[in-house]
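Visitor: Model the following, please.
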Amino acid sequence: MMTISIMITTKNRSADLVRTLSVLRKLDPQPLELLITADGCSDDSVEVLKAEMLKAEIQNLCLIINEEGRGSIDSRDRMIREASGDLILAIDDDSYPERPDALECLGHYFEENTKLAVMKLPQRTDEYPESLTQQDFGPARQIRSFTSSGSVLRRSIYLGLPGFAPGFFHMYEEPDYTLQCVAAGYEVIFIPDAPTIRHHWSGSDRSELRNHQRHGRNEFWSTVMRCPMPYLLPVAAYRIYRQFRYACIRGVDWVIREPIWWAAAIRGLPQVMRRRNPVSWAGYRKWLRLK
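Guide: Have a look, this model is predicted:
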């Protein structure tokens, strides 16, 4: 049987975290370990987690504390590298498996498909209310990205690839990693009959504009790192245009703030260029064609 670790990164959502932990206590079987990173928390999240460790109701709870926030991406990268499980179930502090026996069947998908790098789980989320009562999640399919609020990663493949890009802080690590997997001959698949994830999608510490700017910056950096020449320049230009077009849809306030992420992207270019490791155009194009 493949062993499964669970990882969560949290910041200032102690109420959501308490609810999630109460569900995780009821999982049967329990995960090999539960890794949680408190990333720059200024509320009582760390105290809540230390109290959970004293209760010892959750097996092998490993707490990592970042006194200063390093971002969800660096936090997840560290947890994956320090984990012991063959598979890593990635969830948020406001998401959890709906079924108590959810972990029991996850390993079978990876045992049957040795090329499976990431499995995205079906999700019921308040972000999309129609999903709360959804029964048919469509067919299984290869996808261009996944969600860290409810996906399973094969750790051995992650360790053999660059992994989540340092410096991204938050946003776009999933499509960038999916690109790495697809270009290397692995698969990232949405499996609709897998155990569902309940995502309460807390609005705490979320800003649509800030996430858009981080997404635009990180998407541009990913293009610089992964896209081969001579395609890099037109693909990067299209990325900038597409983000600007979306800002136009959102309104003038968004448009006048677009240069903020442009400037951030330019400042980070020297470091990004040092990490440039382009994939083949065939691999990049295969990823682009996915949905």
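Visitor: Which residues are in contact with Thr223?
Guide: Thr223 makes contact with Leu232, Val235, Ala236, Arg239 under the criterion CB atoms under 8 Å, 6 or more residues apart in numbering. Every residue, glycine included, has its C-beta placed from N, CA and C.
Visitor: The first one is in contact with Val224, isn't it?
Guide: So that's Leu232. Yes: taking contacts as CB atoms under 8 Å, Leu232 lies within contact range of Val224: 6.9 Å.
Visitor: These two - which one has more neighbours?
Guide: For the pair Leu232 and Val224, the greater number of neighbours falls to Val224 (20 against 17), based on other CB atoms under 10 Å.
Visitor: List the single closest residue to the more buried one in space, sequence neighbours excluded.
Guide: Excluding the flanking residues, the one nearest Val224 by CB to CB, 6 or more residues apart in numbering is Val272, at 5.1 Å.
Visitor: Now for that neighbour, how many residues are close by?
Guide: Counted with other CB under 10 Å, the neighbours of Val272 add up to 18.
Visitor: immediately after the host helix or strand of it, which helix or strand?
Guide: Using DSSP states H and E, Val272 sits in helix 269-274. Next helix or strand after helix 269-274 toward the C-terminus (DSSP H and E): helix 281-288.
Visitor: residues in contact with that following helix?
Guide: Residues from elsewhere that reach helix 281-288, judged by CB under 8 Å, 6+ apart: Arg144, Thr178, Leu179, Val182, Ala183, Ala184, Arg226, Cys227, Pro228, Tyr231, Pro278.
Visitor: Name all residues that make contact with the third one.
Guide: Applying CB under 8 Å, 6+ apart, one finds that Leu179 lies in contact with Ser222, Arg226, Val279, Gly283, Tyr284, Trp287.
Visitor: can you do 10 Å?
Guide: 144-145, 188, 222-223, 225-227, 279, 283-284, 286-288, 290 (CB atoms under 10 Å, 6 or more residues apart in numbering).
Visitor: still on that earlier bit, drop anything exposed from the contacts of Thr223.
Guide: For the contacts of Thr223, a burial check counting by 16 or more other CB atoms under 10 Å picks out Leu232, Val235, Ala236, Arg239.
Visitor: What's the end-to-end length of stretch 8-20?
Guide: End-to-end distance for stretch 8-20: 10 Å, by CA to CA, to the nearest Å.
Visitor: Just the buried residues of that stretch, please?
Guide: Residues of stretch 8-20 classed as buried by neighbour count (16+ other CB under 10 Å): Ile8, Thr9, Thr10, Lys11, Asn12, Arg13, Ser14, Asp16, Leu17, Val18, Arg19, Thr20.
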